[in-house]
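Undergrad: Here is my input; please provide its structure:
(chains A and B)
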Amino acid sequence: MSAITVRNLHKTFQAKHKAAGLQGSLRALWKPEWQMVEAVRDLSFDMEDGELLGFIGPNGAGKSTTIKILTGILHPTGGDVSVLGYVPWQQRRDLAYQIGSVFGQRPQLWYHLPAIDTFYLFGKIYELDDKTIRQRIGFLTEAFEIQDLLETPVRKLSLGQRMRCEVAASLLHKPRLILLDEPSIGLDVVAKQRIRDTIKRMNEVENVGVLLTSHDAGDIEALCKRVIIVNHGQIIYQDKVSALKRSYLTSKQVDVRYAQPLPDNFQVAGAEILKAGQYGIKLRFDTRITPVEAVLTQLATAGELVDVTISDPSLEEVIRTIYQQADASPARRAANGEVARERV
Amino acid sequence: MTSFQREFRFLLALWKANLLAAMEYRGAFLLQVVGMILNNAIYFVFWILFFQRFQQVRGWKLDDMLLLFSVVATGFGLATFFFGNAVSLCEVITEGRLDYYLSLPRPVLMHVLASGSVASGMGDFTYGLLSFVVAGHFGIDAIGRFLLGSFLAIIVFLAVLVIAHSTAFWLGNANVLAAQVTNAMITFALYPITLFDGTAKFLLFTLLPAAFVGAVPAEFVRAFSWRVLGQMLGATLIFLVLALVIFHRGLRHYESGSAIQTQV
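TA: This next block holds a predicted model:
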């Protein structure tokens, strides 16, 4: 069953356009120029109940705008959306009982109060009786390992500790779906991993669906089974994370270290040398053109090998490649030239 | 449980959270309360000096001014103490902080207004009570009229602030406009209404309804009148409906934002 259905979603904002400096400001005062910014363009996708779906893209790609439409915060300019059977901007309150949301840049915990006080306030917001909220807090406290943090004012928690409490707060009312917008923003690697682990666990234990937006490919790789990549408000790729890797992991990188110095101008046929030193070399090659065996044979015959490392490109690089391909496409270039600008 | 009971229980929970947050900084809270009582008292000293010299101004005496100050200070004090975000609503709108309230299953306007508290409002309220006591209207019926008059003044105050601040949905930055409306409401509410004639008086009953948070409820507290009660109830209803309509119309224009935020 579909938890989320989105069809031909559009969202356009009107933004004032002003040239730099005082002259530009005076001109804008007299004759303001408005630019129509298409934050989301013709977006269509589905998400199944209990699915872990990644929604990634660079800054300004339209991720947060889409999440805000899905939670009923923003009204779309066009298109149809159904979240758990509700039209978000028309049935916002009914939907809010069924979903949870975490916005990395928009804390929901009261800054001057300990998290436990906000948890009890959320109990009232979601109309949970005292026994239920106590049980739920107990369960989530254990799941998120936040027993020692609950009674400390939020302003005194680290960012990672606060985010764990934030995600726990979003799950207090046992939502069927949580929408996480950049939950790992600003966190160090350890804190990121803890957040990822707890989200994954809650998905396994309670079958809560997770729609995760991030521009950190690591979040997607660690958590999601399926990924949607957006750029400039449009979907440029959607498939399983494993398929994404398979389709785009066509190059390999090899790091080699030798016992003796390499000859000057050492080359490997069919490979691009990224870095060359006296005792080592780093190169990359396309496996569809040059077989791995051919490259390794050439490297082995060049001298006595001390160490060899063969690696795939990171998911970050894969995604960067997809962005670059999408940006270079004729359709994209045409779209960039079609930005509507009108004088009001 | 009825819908009203549910929302009222939620309101109580929000006020409790505000109280807990205020208690985190007890010193600052008490300083603001005492500071506001002194501020109001010093301001009223000028009226005492004035009436020592002139006895009355267009029919208004010192006793009337005490009642006027009691109603305005009580109304404004309680409005800002229990619905503190009313004085910063336009910032909540322009900074995209409505996202938080829109993502939760509660009436947005009530939730956002009651999620903040202005500590000095408790000082205004205390001063309003003191002023009422000094005015000496101790009858049960006078106290009842004072409570009703102050309650309706709170609603009109909040409604006007919501209307002024909601212009941020269309104007983007409405800080200055909203601050001017707030100051004008308080300033004009604290003068005897008989000082104003013609257009000025008309404006104080319509566009800037300071009369309904000051002179009219003060007149009602002084002596019961069906006409005045009708005026107060009518004005409260009109401005309340206007505030709700304008705010919810504005919500459709809400554009959120990407500013980094804190839920205080």
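Undergrad: Quick check: end-to-end length of stretch B:188-197?
TA: 13 Å (Cα to Cα, to the nearest Å).
Undergrad: How about stretch A:244-252?
TA: 16 Å.
Undergrad: chain center to that stretch: distance?
TA: 20 Å (Cα atoms, centre = their mean, to the nearest Å).
Undergrad: Now for A:E142, how many residues are close by?
TA: 10 (other Cβ atoms under 10 Å in any protein chain shown). C-betas here are computed from N, CA, C, even on glycine.
Undergrad: how about it, secondary structure?
TA: helix (DSSP: H, G, I helix; E, B strand; the rest coil).
Undergrad: what's the neighbour count on A:Q23?
TA: Neighbours of A:Q23 (other Cβ under 10 Å): 9.
Undergrad: quick one: the helix or strand it falls within near chain B?
TA: For A:Q23, the host element (DSSP states H and E) is helix A:21-30. No. Helix A:21-30 lies apart from chain B when judged by Cβ under 8 Å from any Cβ of the partner chain; the minimum separation is 13.0 Å.
Undergrad: Show me what from the stretch 201-344 of chain A comes close to chain B.
TA: Counting by Cβ under 8 Å from any Cβ, no residue of the stretch 201-344 of chain A sits close to chain B.
Undergrad: what comes up buried for the very next helix or strand once past the helix holding A:Q23?
TA: Going down the chain from helix A:21-30, the next helix or strand is strand A:33-48, by DSSP H and E. Within strand A:33-48, the residues that qualify as buried are A:33, A:38-41, A:43, A:45, A:47, counting by 16 or more other Cβ atoms under 10 Å in any protein chain shown.
Undergrad: Which strand or helix spans B:V134?
TA: helix B:120-135.
Undergrad: show me the contacts for A:Q161.
TA: By Cβ atoms under 8 Å, 6 or more residues apart in numbering or on different chains, the residues touching A:Q161 are A:146, A:149, A:191.
Undergrad: Identify the spatial nearest neighbour of the last one, chain neighbours not counted.
TA: Translated: A:A191. Leaving aside its chain neighbours, A:A191 sits nearest to A:G160 (2.8 Å; criterion: Cβ to Cβ, 6 or more residues apart in numbering or on different chains).
Undergrad: Equivalent analysis for the second one, please.
TA: Of all residues not flanking A:L149 in the chain, A:Q161 sits nearest, at 5.2 Å (Cβ to Cβ, 6+ apart).
Undergrad: helix, strand or coil for A:P263?
TA: A:P263 - assigned by three-state DSSP - is coil.
Undergrad: quick one: contacts for it?
TA: With contacts defined as Cβ under 8 Å, 6+ apart, the neighbours of A:P263 are A:A302.
Undergrad: Report the secondary structure state of the residue nearest to A:L149.
TA: helix.
Undergrad: The residue nearest to A:A191: how many residues sit nearby?
TA: Neighbour number of A:G160 under other Cβ under 10 Å is 17.
Undergrad: Then A:I289?
TA: 11.
Undergrad: follow-up on the earlier one: name the nearest of the buried residues of strand A:33-48 relative to A:R155.
TA: A:A39 (32.5 Å; Cβ to Cβ).
Undergrad: Let me know the helix or strand that the residue of chain B most remote from its centre is in.
TA: Among residues of chain B, the one most distant from the C-alpha centroid is B:R53; the distance is 31.7 Å, by Cα atoms, centre = their mean. B:R53 belongs to helix B:26-54 when assigned by DSSP H and E.
Undergrad: Next: A:L121.
TA: helix A:115-125.
Undergrad: From the contact counts, what lies against that helix?
TA: The elements that helix A:115-125 packs onto, with contact taken as 3 or more Cβ pairs under 8 Å, 6 or more residues apart in numbering or on different chains; DSSP states H and E, are helix A:130-143, helix A:159-170, helix B:3-23.
Undergrad: winner for burial among these?
TA: Among those, helix A:159-170 has the highest mean neighbour count (mean count of other Cβ atoms under 10 Å in any protein chain shown), at a mean of 22.
Undergrad: and chain A, what are its domains?
TA: Domain ranges of chain A: A:2-98+A:175-246, A:250-311, per automatic domain parsing.
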